[in-house]
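model the structure of this input:
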Amino acid sequence: MRSFWRTASPGLLRDVGLVCLADGIVGVSFGATSLGGGLPWWVPVALSLLVFAGGSQIAAVGVVLAGGSPLAAVLAGAVLNTRLLPYGFAVADVLGPTASSGAVRRWLVRLAGPHVITDESVAFTLRQSDPARRRSAFWACGLALFVIWNLSVLLGVGLGTAVRDTGAFGLDATFPAVMLALALPTLASRPTRVAAGTGAVIAVALTPVLPAGLPLLAALAGLGTRWSGWRGRGSPGKGGASTGAAGGGAVRGGAGKDGVAVGGGR
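Below is the predicted model of the structure:
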């Protein structure tokens, strides 16, 4: 523990605190809107404890509140969570226990580590090059977010119990606003914008004819444009040299819970 506080700089703790504040506001809105939409109080609480993925939780609950089936809600959340797989590989070095850890601590670290992988905890980790600082950044952000997010959702549930018409405070607009915030920073390249635009057109076109939740899944067909000649190779410059990542330096950027880009892009 003393080693942790030696390597966790004041700047890191300040930045983590700001991220927790932002995610806490979203957590309160998530809890209140879930209850105001008619869901039992335990649904947002259980999702926050067991899933702990803000974007996926918001997507799943949004599908249910729109009248979609539980299966469509689970699929929508699972699609958003697929990004956590490469995140796990990116921070694999900080997920394991240290050599001096006891058997119980080893078990707890291996269980808790993957659960607190978020966009923010991975982004803070990737900003560090020193192994000790990487470990401190990951655990400081991951654990702080887990505590703040769950407390905020509980607070939102209490607010939703007291104020049944959450739409009167504009909280019903939280879900689409958060999803838009998650998407906008990722639209940096032309192929991504084409794929996103194609998916949006598909979703809007199918909304009147498909049950709620299914148009969102059908929008994944927009990814097909990524395989058609647009594939991020960049346009050839003079002399035939590529101006994409292959012809220049790699572009760095972290992802900042649940899809909001940090340094390059809950």
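
next structured bit after the host helix or strand of residue 29?
Using DSSP states H and E, residue 29 maps to helix 10-36. Per DSSP H and E, helix 10-36 leads on to helix 42-50 as the next helix or strand towards the C-terminus.

name the residues of that next one that are buried.
43-45, 47-48 (16 or more other C-beta atoms under 10 Å). The C-beta positions use only the backbone N, C-alpha and C, and glycine is treated the same way.

can you spell out which helices and strands pack onto the helix holding residue 29?
helix 42-50, helix 54-65, helix 119-126, helix 131-162, helix 174-183 (3 or more C-beta pairs under 8 Å, 6 or more residues apart in numbering; DSSP states H and E).

now the angle between helix 119-126 and it, please.
Here helix 10-36 runs at an angle of 170 degrees relative to helix 119-126 (axes from the mean of the first three to the mean of the last three C-alpha atoms, to 10 degrees).

taking their axis directions, helix 10-36 and helix 42-50 sit at what angle?
Using the same axes, to 10 degrees: helix 10-36 against helix 42-50 is 150 degrees.

quick check: closest non-adjacent residue to residue 193.
Leaving aside its sequence neighbours, residue 193 sits nearest to residue 187 (C-beta to C-beta, 6 or more residues apart in numbering; 5.1 Å).

neighbours around that neighbour, how many?
Neighbours of residue 187 under the rule other C-beta atoms under 10 Å: 14.

so who does residue 158 touch?
By C-beta atoms under 8 Å, 6 or more residues apart in numbering, the residues touching residue 158 are residue 31.

out of the helices and strands packed on helix 10-36, which gets nearest to residue 32?
Nearest of these to residue 32, taken as C-beta to C-beta: helix 131-162 at 4.0 Å.

sec struct for residue 210, please.
coil (DSSP: H, G, I helix; E, B strand; the rest coil).

how near is it to residue 225?
21 Å (C-beta to C-beta, to the nearest Å).

what's the answer for residue 51, then?
Residue 51 is 30 Å from residue 225, by C-beta to C-beta.

what about the stretch 151-266 of the chain, any weak spots by pLDDT?
Under the criterion pLDDT under 70, the flagged ranges of the stretch 151-266 of the chain are 164-186, 211-214, 216, 227-266.

the more surrounded of residue 210 and residue 225?
The neighbour comparison of residue 210 against residue 225 (other C-beta under 10 Å) goes to residue 225, with 19 against 16.

now do the same contact list for that one.
191, 194-195, 198.

please redo it, this time with the cut-off set to 7 Å
The contact partners of residue 225, taken as C-beta atoms under 7 Å, 6 or more residues apart in numbering, are 194-195, 198.
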